[in-house]
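Asks: structure for this input, please:
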Amino acid sequence: MHIIALSGALRRASYNTALLRAALAMAPEGVTIELRTLHGIPLYDGDVEAQGIPAAVTKLREEIRAADALLVSTPEYNNSIPGVLKNGLDWLSRPSGEGAKLFGGKPTALIGATPGGFGTVQSQDALLSVFRTFGSDFWMGGRLMVSKAGTVFDADGHLVDDKIREQLQHFVQGFVDFVKKRVS
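Replies: Sure, this is the predicted structure:
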């Protein structure tokens, strides 16, 4: 089984990228999880699209298409989806109808981390609407919203909180079990 783990943040020391790195290390035997970011994807512009889909978008699209599942880790900015993540999803859904082709039926799950105290509940809820529009096969069996992320990761981005590690392990296993039922 092959899962693409997409970080919804660009910052080098992103808590969401760190959360996905921790998830990579928890992949059960026979499962590969590969980390991807949205670096190199320009702001969506219909004039740019008219000249062709950017190479970074095409590459990420093909990696997602080839994967058995998608795991997205999202920050929460101003109580919603970060612009960079929404922009990346908008590009991946172009040309019109591509979102349903790419994400339709694709087993998908969300996690997220934020330095704030309320986790990423609102950004995850907002993303559900986007993935519902695409027709994703969304896993509703688990939720992971890491709050106060600055206390959960060390300065090098390693997960140091045993409670969160256990929750992430449980989440990853649950999602893998969900995907196995879909791809077998």
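
Asks: can you classify Ile4 as helix, strand or coil?
Replies: Secondary structure, DSSP: H, G, I helix; E, B strand; the rest coil: Ile4 is strand.

Asks: what sits against it?
Replies: Contacts for Ile4 were tallied using Cβ atoms under 8 Å, 6 or more residues apart in numbering; they are 33-34, 36, 63-64, 67, 69-71. No exception for glycine: its C-beta is placed from N, CA and C like everyone else's.

Asks: do that again at 7 Å, thanks
Replies: Listed by Cβ atoms under 7 Å, 6 or more residues apart in numbering, the contact set of Ile4 reads 34, 36, 63-64, 67, 70.

Asks: quick check: the nearest residue to it once chain neighbours are set aside vs Arg61, distance?
Replies: The shortest distance from Ile4 to any non-neighbouring residue, by Cβ to Cβ, 6 or more residues apart in numbering, is to Ala67 (4.3 Å). Distance, Ala67 to Arg61, by Cβ to Cβ, to the nearest Å: 11 Å.

Asks: with Gly40 instead?
Replies: 13 Å.

Asks: if you count what's nearby, which of the two comes out ahead?
Replies: Neighbours were counted for Gly40 and for Arg61 using other Cβ atoms under 10 Å; Arg61 has more, 18 against 12.

Asks: setting the sequence-adjacent residues aside, check what's closest to the more buried one.
Replies: Excluding its sequence neighbours, the residue lying closest to Arg61 (Cβ to Cβ, 6+ apart) is Leu92, at 5.5 Å.

Asks: shouldn't that neighbour be in contact with Leu102?
Replies: Yes: assessed by Cβ atoms under 7 Å, Leu92 is found in contact with Leu102 at 6.1 Å.

Asks: and stretch 150-168, what's buried?
Replies: Neighbour-count burial for stretch 150-168, with 16 or more other Cβ atoms under 10 Å as criterion, is recorded at 152-153, 157, 159, 161, 164, 167-168.

Asks: which of the three states applies to the residue nearest the centre of the chain?
Replies: In the chain, the residue lying closest to the centroid (Cα atoms, centre = their mean) is Val72, at 1.1 Å. Three-state call for Val72 (three-state DSSP): strand.

Asks: what about it, distance to Thr17?
Replies: Here Val72 is placed at a distance of 12 Å from Thr17 (Cβ to Cβ).
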